[in-house]
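Peer 1: model the following, please.
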Amino acid sequence: MKILKKIGLLFLIAFVIAQFFGPDRNEGDFASIEAFMNETNPPENVKIILKETCFDCHSDVTRYPWYSNITPVNYWMEDHVKHGKGHFNVSKWEGNSIKRKDHKFEELIEMIEAKEMPLNSYTWMHRDAKLSDDEIKAVVDWAKLVRLKYSIAPKPE
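Peer 2: Below you'll find the model as predicted:
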């Protein structure tokens, strides 16, 4: 029993020390998403959905909840954000080709329709981020309009 107490104390000390370390945070401002918002022109209901369910992981504008200050949760969250931005980052929208933008919207439609986005691990802690069928339809309809715009845009030679 004495050895279990020592091991427990050692883990507690390691846990406390770990709280002084953490990953860099992904904190930007809403100016970084202006190009995306201006170009894709989402209706007001879709803007709200994007802000509440997408931008935390797919932009430089991440809202961090209180539990993101606890190690190892902060590393797990930052890994999710890093991967999310690696797939689709609206803060880096400018500079992408029309072909790439169209492809990103094609993927967005597929992921939303398949209910693979937002991730279950995200909606588990953010209940309001779980999309209803009407919200899915609104996002998909908007994304299809954006893709239509890209399909008729002049292509660089």
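Peer 1: please make it C-alpha for all contacts and neighbour counts, starting now.
Peer 2: Noted.
Peer 1: which secondary structure elements does the helix or strand bottoming out on mean pLDDT in the chain contact?
Peer 2: Least confident helix or strand of the chain, by mean pLDDT, DSSP states H and E, is helix 120-125 with a mean of 72. Here helix 120-125 touches no other helix or strand, going by 3 or more Cα pairs under 8 Å, 6 or more residues apart in numbering; DSSP states H and E.
Peer 1: what residues sit buried inside it?
Peer 2: Using 16 or more other Cα atoms under 10 Å as the test for burial, helix 120-125 gives residue 122.
Peer 1: from the chain's centroid, how far away is that helix?
Peer 2: 12 Å (Cα atoms, centre = their mean, to the nearest Å).
Peer 1: which residues sit against that helix?
Peer 2: Residues from elsewhere that reach helix 120-125, judged by Cα atoms under 8 Å, 6 or more residues apart in numbering: 129, 130.
Peer 1: ok, residues contacting the helix or strand following that helix?
Peer 2: Next helix or strand after helix 120-125 toward the C-terminus (DSSP states H and E): helix 133-152. Helix 133-152 has contacts (Cα under 8 Å, 6+ apart) with 40, 42-43, 45-46, 49, 98-99, 101-102, 105-106, 108-109, 112-113.
Peer 1: repeat the analysis, applying 10 Å as the threshold.
Peer 2: Residues from elsewhere that reach helix 133-152, judged by Cα atoms under 10 Å, 6 or more residues apart in numbering: 39-43, 45-47, 49-50, 98-115, 117, 130-132, 153.
Peer 1: any buried residues in it, and which?
Peer 2: For helix 133-152, by 16+ other Cα under 10 Å, it's 136, 138, 139, 140, 142, 143, 144, 145, 146, 147, 150.
Peer 1: could I get the residues you listed as a markdown table with distance to residue 3 and pLDDT?
Peer 2: Shown next, in a markdown table, are those (distance: Cα to Cα, whole Å; pLDDT from 0 to 100):
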| residue | distance to residue 3 | pLDDT |
| --- | --- | --- |
| 136 | 54 | 93 |
| 138 | 59 | 95 |
| 139 | 56 | 94 |
| 140 | 58 | 95 |
| 142 | 61 | 95 |
| 143 | 59 | 95 |
| 144 | 62 | 95 |
| 145 | 65 | 94 |
| 146 | 63 | 93 |
| 147 | 63 | 93 |
| 150 | 66 | 87 |
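Peer 1: OK, contacts around the residue most central in space within the chain?
Peer 2: By Cα atoms, centre = their mean, the chain has its centre lying nearest to residue 57, at 1.8 Å. Counting by Cα under 10 Å, 6+ apart, residue 57 touches 26, 63, 77-90, 118, 122.
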